[in-house]
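Trainee: below: sequence and its predicted model.
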Amino acid sequence: MRDLLLISDLHLGSHLKARTRGEFVHLAARLDETLPQFLDHYARLGTWQLVINGDFIDFWNVEIGDGAQDPVELAIERLHAVLDAYPGVEDALVGFLDAGNSIVFVAGNHDAEFLYPEVGRAFASRLEGALDEGDPAQLREQITATGITTLGEVGAGQVRFVPWFVREGGAWIEHGHLFDPACSTHAQLSPTRGGRLVQSVAEVATRRFTNLMPEIDYDAADRFTTLDYFRWAIARGWRFMIRVVFLYLRMVGGMLGLWVRSGRVDKAGRTAHEERLAKLAKNAGLQMSALTALENMAPPPSSASVGGVLSVTALDLAIAVIGPALLVPLIFWSLGWSLVVGAPLGLVLGALAALQVKRRRSPRNVARDMLEVASSVGEVTGTRIVLMGHSHRGSVERRGSVIYGNSGSWLDGSHLIVRRDPRGEQLCEVELRRWRNGGVTILDRMQVVPDPKPDPKPEPKPDQHDPVLAVEAAE
């Protein structure tokens, strides 16, 4: 068995939209040059099981095709457009496979389209020509909607797709967006309504606001507070503010639409999810209760409630301020009291209400939340290593007996090396590395702490009062 090379969050295709910034185009060109160098570097060191742990392709940002067409056909069209835009990356992946390595793609929130088995087959056919060799029916069965659960099922030169997790050699590998309410959906193995993938609130924000606002930084949602957004809009003038307000209200309407109807998985989607969940549990040797416990461990999607939508959009703060600011003066006016007192009082009460709302909710910190849940994931799944992506912050940390590794975003060079023990069975060491300027730097390393061996039981001393034992002891 080979060691693991784990990367995530490349977000290929993030520049394929009508309005984009020059730096995104430059980033795409740089990635098409540096990823081949990265893969070639590791191919020279031996053979690997490459795990691309989610968000390899950024379908959220690819504005190509007609949104009204068949969702599977649209996803395949966008897949081919992205691969055509990165010929160096495609050639490098093919070369990596030809060198005797294997590649496993884990579905993330930005590339949930890989949950459609046809999309995985289309990708695999470009990389390894898997559908052109052997029995087509057998090959179609190998690249399924539920995918694999262990890396031993993936041979050299093969590509496979995983909808949720890989449980391998004492490690649990998943993208991690399940634990981010802004990016998750219900029934994650088949989150569909009428055959279409339902959107998370983060996807609605991307498609209805960020993609139409190239002036905003790509990672603003992870860094900006409500006040930062106000400052950013005000600094660009009143016309720009009007446009921002219009797109913001359009975004909020889309998010509320998720809660009302469009974000709810239909019966067919829930049924498919349950069937795939049962198959995953069986293939991974887990009880259904373990996977159900993981689902229950995750916070509910923000689209599941009005409160979740209001919190994500900061409308709860706006309502807390505007409500008292309007209601108190209205009460004063209806009672014939002085508005000179009522108006300031309403503003003060609104400010106090907003502070109370802000105190009740904690700032969004995906990296911290994923770290905190790692030990519980390891306990439920019976693993000592938990590997995720999604947060874009590479790290290796220990939580109790569990090592948590996050591959960060490959856009800044972060990646993980996970080594096996001398017998090639268990994964025993995690290294956080950074690729930069054609070289590798080891940032951190942790080894699995072996279970302590039980103390040998002392041999019982012969009972001198037992005549048989006394004779044996004398002999």
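Mentor: Thanks, I have the structure now.
Trainee: quick one, domains of this protein?
Mentor: With domains defined by automatic domain parsing, the chain comprises 3-177+374-447, 311-360.
Trainee: pull up the distance across the longest one, start to finish.
Mentor: Same thing as domain 3-177+374-447. End-to-end distance for domain 3-177+374-447: 14 Å, by Cα to Cα, to the nearest Å.
Trainee: with the shortest one instead?
Mentor: Counting by Cα to Cα, the length from the leading to the trailing residue of domain 311-360 is 11 Å.
Trainee: with stretch 182-193 instead?
Mentor: Rule used - Cα to Cα; the end-to-end distance of stretch 182-193 is 19 Å.
Trainee: tell me the contacts of the nearest residue to Val402 once chain neighbours are set aside?
Mentor: Spatial nearest neighbour of Val402, excluding adjacent residues (Cβ to Cβ, 6 or more residues apart in numbering): Gly378 at 3.6 Å. All C-beta atoms are positioned from the backbone trio N, CA, C, and that covers glycine. Taking Cβ atoms under 8 Å, 6 or more residues apart in numbering, we find Gly378 in contact with 172, 384-386, 399-402.
Trainee: and with 7 Å instead?
Mentor: The contact partners of Gly378, by Cβ atoms under 7 Å, 6 or more residues apart in numbering, come to 172, 384, 386, 402.
Trainee: Val396: how many residues sit nearby?
Mentor: 19 (other Cβ atoms under 10 Å).
Trainee: secondary structure element holding it?
Mentor: Per DSSP states H and E: Val396 is located in strand 395-399.
Trainee: using CSV, write down the CA coordinates of the helix or strand that that strand is followed by.
Mentor: Per DSSP H and E, the first helix or strand lying C-terminal to strand 395-399 is strand 402-406. The C-alpha atoms that make up strand 402-406 are tabulated as CSV, following Å, rounded to 0.1, in the frame of the first residue of the first chain:
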residue,chain,number,x,y,z
VAL,A,402,-6.9,11.9,17.6
ILE,A,403,-4.6,13.7,15.1
TYR,A,404,-6.5,16.3,13.1
GLY,A,405,-5.0,17.3,9.8
ASN,A,406,-6.3,20.0,7.4
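Trainee: got a list of contacts for strand 402-406?
Mentor: 370-371, 374-375, 378, 384-389, 391, 393-397, 416, 430, 432, 446, 448.
Trainee: which PyMOL command selects the buried ones in these?
Mentor: A single PyMOL command selects the buried members of the contacts of strand 402-406 (16 or more other Cβ atoms under 10 Å):
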select buried, resi 370+371+374+375+378+384+385+386+387+388+389+391+393+394+395+396+416+430+432+446+448
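Trainee: which one of the domains of the chain lies closest to Tyr229?
Mentor: Smallest distance to Tyr229 across the domains of the chain (Cβ to Cβ): 8.0 Å, for domain 311-360.
Trainee: show me how far that closest one is from its chain's centre.
Mentor: Here domain 311-360 is found 38 Å from its chain centre; the criterion is Cα atoms, centre = their mean, to the nearest Å.
Trainee: and stretch 114-126, by the same measure?
Mentor: With Cα atoms, centre = their mean, you get 19 Å for stretch 114-126.
Trainee: ok, stretch 162-175 next?
Mentor: Centroid separation for stretch 162-175 versus its chain: 13 Å, with Cα atoms, centre = their mean.
Trainee: gap between the two ends of it?
Mentor: 10 Å.
Trainee: return the set of buried residues in it.
Mentor: Those would be 162-175, for stretch 162-175 by 16+ other Cβ under 10 Å.
Trainee: quick one: the strands in the chain?
Mentor: 3-7, 48-53, 102-106, 159-162, 165-168, 171-174, 192-193, 196-197, 385-388, 395-399, 402-406, 414-420, 427-436, 439-447 (DSSP state E).
Trainee: what packs against the first one?
Mentor: Same thing as strand 3-7. strand 48-53, strand 414-420 (3 or more Cβ pairs under 7 Å, 6 or more residues apart in numbering; DSSP states H and E).
Trainee: let's see it at 10 Å
Mentor: Strand 3-7 sits against helix 22-43, strand 48-53, strand 102-106, strand 171-174, strand 385-388, strand 414-420, strand 427-436, with contacts defined as 3 or more Cβ pairs under 10 Å, 6 or more residues apart in numbering; DSSP states H and E.
Trainee: pLDDT averaged over the second one - what is it?
Mentor: Along strand 48-53, the predicted confidence averages to a pLDDT of 96.
Trainee: got the angle between that strand and strand 402-406?
Mentor: Angle of strand 48-53 versus strand 402-406, following axes from the mean of the first three to the mean of the last three Cα atoms, to 10 degrees, is 80 degrees.
Trainee: now find how far off-centre strand 48-53 is within its chain.
Mentor: Using Cα atoms, centre = their mean, the offset of strand 48-53 from its chain centre is 15 Å.
Trainee: note down every partner strand of that strand and its orientation.
Mentor: Strand pairing for strand 48-53, using DSSP bridges, gives strand 3-7 (parallel), strand 102-106 (parallel).
Trainee: columns mean neighbour count, distance to Phe209 and mean pLDDT on top of the ones you listed, output as JSON lines?
Mentor: Listed next are these as JSON lines, based on neighbours: other Cβ atoms under 10 Å; distance: least, Cβ to Cβ, whole Å; pLDDT from 0 to 100:
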{"stretch": "strand 3-7", "mean neighbour count": "24", "distance to Phe209": "28", "mean pLDDT": "96"}
{"stretch": "strand 102-106", "mean neighbour count": "25", "distance to Phe209": "27", "mean pLDDT": "94"}
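Trainee: nearest to Val154 among the ones you listed would be which one?
Mentor: Nearest of these to Val154, taken as Cβ to Cβ: strand 102-106 at 4.4 Å.
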